[in-house]
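Student: what's the 3D shape of this:
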Amino acid sequence: MKALVWHGKEDIRYDTVTDPEIQDERDAIIRVTSCAICGSDLHLFHNFIPAMLPGDIMGHESMGEVVETGRGLNGTLKKGDRIVVPFTIICGECEQCRRGNYSVCQRTNRNKSIAEKVFGHTTAGLFGYTHLTGGYPGGQAEYLRVPFADATHIKVPDGLSDEQVLFLSDILPTGWQAVVQCDLEPTDTVAIWGCGPVGQMAIRSAVLLGARHIIAIDCVPERLEMAEAGGATTINFMTESVVERLNELTGGLGPEKCIDAVGTESHVTFSQPDTIYDRAKQMVALESDRAHVLREIIYVCRPAGIISIPGVYGGLVDKIPMGLVMNKGLTIKTGQTHVNRWTDDLLERIDRGEIDPSFVITHSVGLEQGPEMYRVFRDKSDSCVKVLLKP
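Tutor: Numbers count the residues shown, from 1 in each chain. Coordinates of the predicted model:
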């Protein structure tokens, strides 16, 4: 089969690879009908996340049709079923899964011993996302093996298109969880840094969950226009002071709830001293992540506020002002998304027409164009916000 394969920094190729096979009785094989490039994939593209190996298949947003099932699925899935595949692989049986903490499933990381050395305790296996999270082949491919498939799937009802449901695999529940973690009150102002796909889903989620005022911060015109269309007041950090504008918009009090939908690769001008510091330390491998956005959020967040971090961080950050966090009484909530905790509700909302996640798609191309589209997505050229790939 064909797949998008990692060969090193900024080197993704459209290769012929071995077809997946059933390896366990709880496995299923799907023919991938749609997949997507995620901002998290760019962290791998730039080699900021450790433990990728040449030959690894990329991708963790995928869906398709079941073509083969293991004997242990006991009718949970059958050939011909359409399913979305969450990026988190879950057993559905361990203590964390029973609590709904699916992204820290205790059983699905097949490189558990490595994860425990790095993280202290294992987290869940993830598709297409380094050997620290299991080294599972990803879904930017013609076929995908789904381990623990009886738990790791979202069955698609008739009448919904791939474009409507694909993003249940990651960015929609990720944006939703980011807002839920804010414990919204009807009087709250929510400020969201980053108007990429996750930020866009967080904006729509904040609207559905009843935020009084939503402020979105970015510098890409197409993203800012999309954010404004979704109900947000926008700040272009290239032309405006984020701190000054937030004070203007909140009466000098700051937003109660702040969401970091940027993560490790904070792209900002060199006008801020900490950005020069981060770049220099990153170049000599003394720091892995650029944390300007996180520092700014800690500074502007209203005392006793909540900071929610769906943006991915991969390693070490420096100069985090913990004194501000402690003295202002801020609460920080983070984590990979517990996808299946939210998908029943979100699927119903899609079916009722409350939200159509397909609005974020700007490019729909064949899988063979994937290597080129990684660069288009990275450069935000051609008004690119989200890339859909069709194997």
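Student: which elements pack onto the longest strand seen in the chain?
Tutor: Assignment by DSSP state E gives strand 28-37 as the longest strand of the chain. The contact analysis (3 or more CB pairs under 8 Å, 6 or more residues apart in numbering; DSSP states H and E) places strand 28-37 against strand 62-69, strand 82-85, strand 143-146, helix 162-165, helix 370-379, strand 387-390. Any C-beta I mention is one placed from the backbone N, CA and C, and that applies to glycine too.
Student: contacts for the second one next, please.
Tutor: It stands for strand 82-85. Outside strand 82-85, the residues that touch it by CB atoms under 8 Å, 6 or more residues apart in numbering are 28, 30, 33, 62-66, 77, 127, 139, 144, 146, 152-156, 165-166, 168-169, 343.
Student: report all helices and strands that the next helix or strand along the chain from the longest strand of the chain contacts.
Tutor: Using DSSP states H and E, the next helix or strand after strand 28-37 towards the C-terminus is helix 39-45. Here helix 39-45 touches helix 370-379, going by 3+ CB pairs under 8 Å, 6+ apart.
Student: 10 Å instead, please
Tutor: strand 2-6, strand 12-16, helix 171-180, helix 197-208, helix 370-379 (3 or more CB pairs under 10 Å, 6 or more residues apart in numbering; DSSP states H and E).
Student: kindly reformat the ones you listed as a markdown table containing distance to D24 and mean neighbour count.
Tutor: A markdown table is the format used below for those (distance: least, CB to CB, whole Å; neighbours: other CB atoms under 10 Å):
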| stretch | distance to D24 | mean neighbour count |
| --- | --- | --- |
| strand 2-6 | 21 | 24 |
| strand 12-16 | 25 | 15 |
| helix 171-180 | 26 | 27 |
| helix 197-208 | 31 | 27 |
| helix 370-379 | 28 | 18 |
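Student: could you dump those to a markdown table with distance to S103 and mean pLDDT?
Tutor: Supplementary listing: the helices and strands packed on helix 39-45 in a markdown table, determined by distance: least, CB to CB, whole Å; pLDDT from 0 to 100:
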| stretch | distance to S103 | mean pLDDT |
| --- | --- | --- |
| strand 2-6 | 22 | 98 |
| strand 12-16 | 25 | 98 |
| helix 171-180 | 9 | 98 |
| helix 197-208 | 15 | 98 |
| helix 370-379 | 24 | 97 |
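Student: for T187, which of the ones you listed is the nearest?
Tutor: helix 197-208 (13.4 Å; CB to CB).
Student: in its sheet, what does the very next helix or strand once past that closest one sit against?
Tutor: The helix or strand immediately downstream of helix 197-208 is strand 213-218, counting by DSSP H and E. In the sheet, strand 213-218 lines up against strand 189-193 (parallel), strand 233-236 (parallel) (DSSP bridges).
Student: follow-up on the earlier one: now the helices and strands packed on strand 28-37 as TSV including distance to G55?
Tutor: Formatted as TSV, the helices and strands packed on strand 28-37 follow (distance: least, CB to CB, whole Å):
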stretch	distance to G55
strand 62-69	19
strand 82-85	21
strand 143-146	16
helix 162-165	28
helix 370-379	15
strand 387-390	19
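Student: could you chop the protein up by domain?
Tutor: 2-170+337-390, 172-334 (automatic domain parsing).
Student: by mean pLDDT, show me the worst of the ones you listed.
Tutor: Here these differ in mean pLDDT, and the lowest is domain 172-334 at a mean of 91.
Student: now it, how far from the centre of its chain.
Tutor: In terms of CA atoms, centre = their mean, to the nearest Å, the centre of domain 172-334 is found 15 Å from the chain centre.
Student: so which of the strands paired with strand 213-218 is the most surrounded?
Tutor: strand 189-193 (a mean of 28; mean count of other CB atoms under 10 Å).
Student: so which of the helices and strands packed on helix 39-45 is nearest I89?
Tutor: Of these, nearest to I89 by CB to CB is helix 171-180, at 14.9 Å.
Student: how about the closest one as CSV, C-alpha atoms only?
Tutor: What follows is helix 171-180, C-alpha atoms only, in CSV (Å, rounded to 0.1, in the frame of the first residue of the first chain):
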residue,chain,number,x,y,z
ILE,A,171,-9.3,18.5,16.6
LEU,A,172,-13.0,18.8,17.4
PRO,A,173,-12.8,16.9,20.8
THR,A,174,-9.5,18.6,21.5
GLY,A,175,-11.0,22.1,21.1
TRP,A,176,-14.0,21.0,23.1
GLN,A,177,-12.0,19.6,25.9
ALA,A,178,-9.9,22.7,26.0
VAL,A,179,-13.0,24.7,26.7
VAL,A,180,-14.6,22.2,29.1
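Student: which helices and strands sit right next to that helix?
Tutor: So helix 171-180, by 3+ CB pairs under 10 Å, 6+ apart, packs with helix 39-45, strand 189-193, helix 197-208, strand 257-260, strand 306-309, strand 331-334, helix 339-352.
Student: does C301 touch E256 like I think?
Tutor: Yes: between C301 and E256 there is a contact under CB atoms under 10 Å: 7.9 Å.
Student: common neighbours of those two, please.
Tutor: Residues touching both C301 and E256 (CB atoms under 10 Å, 6 or more residues apart in numbering): A191.
Student: write a PyMOL command that selects only the buried members of the contacts of strand 82-85.
Tutor: Per 16 or more other CB atoms under 10 Å, the buried members of these correspond to this PyMOL selection:
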select buried, resi 28+30+62+63+64+66+77+127+139+144+146+152+153+154+156+165+166+168+169+343
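Student: tally of neighbours for S381?
Tutor: Residues lying near S381 (other CB atoms under 10 Å) number 9.
Student: could you find the closest non-adjacent residue to it?
Tutor: Nearest residue to S381 in three dimensions, chain neighbours excluded: R375, at 8.0 Å (CB to CB, 6 or more residues apart in numbering).
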